[in-house]
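Colleague: A structural model of the following input is requested.
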Amino acid sequence: MERLTREDLRQMAIGEKKNFHLPDAQAIDNAGTTAYQLQNVERCKYSVSKDYQNNVITITKNAI
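Modeller: Predicted coordinates for the structure are as follows:
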């Protein structure tokens, strides 16, 4: 996956936890920012965990 999109996050179900493999640290930071921005629009909370060594971001979609 080259980058995480808002559509990727919208397709997640409440309570779902997903790993996204991204190309570099910049893509990981951008994905985290996208998740935090989208939670106001989607009326949910995203929990984000970043693993820069393996270029993975783990995102969980939670109800408010």
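Colleague: Give me the outermost residue of the chain relative to its centroid.
Modeller: Most distant from the centre of the chain: Gln53, at 16.9 Å, with distances by CA atoms, centre = their mean.
Colleague: In three-state terms, how would it be classified?
Modeller: coil (DSSP: H, G, I helix; E, B strand; the rest coil).
Colleague: what's the pLDDT at it?
Modeller: Gln53 carries a pLDDT value of 97.
Colleague: and Asn55, how many neighbours?
Modeller: Neighbour count of Asn55, defined by other CB atoms under 10 Å: 15. Backbone N, C-alpha and C define where each C-beta goes, glycine included.
Colleague: Mind telling me what element Leu38 is part of?
Modeller: Here Leu38, judged by DSSP states H and E, is contained in helix 25-42.
Colleague: Pull out the buried positions in that helix.
Modeller: Ala27, Ile28, Ala31, Gly32, Thr34, Ala35, Gln39, Glu42 (16 or more other CB atoms under 10 Å).
Colleague: Isn't Leu38 up against Arg6?
Modeller: Yes. If you go by CB atoms under 8 Å, Leu38 and Arg6 touch, sitting 5.6 Å apart.
Colleague: hmm, who's touching the helix holding Leu38?
Modeller: Residues outside helix 25-42 that contact it (CB atoms under 8 Å, 6 or more residues apart in numbering): 2-6, 9-10, 20, 22, 45-46, 48, 50, 52, 55-57, 59.
Colleague: ditto for stretch 3-12
Modeller: Residues external to stretch 3-12 that are found in contact with it (CB under 8 Å, 6+ apart): 18, 20, 22, 27, 30-31, 34-35, 38, 42, 46, 57, 59, 61.
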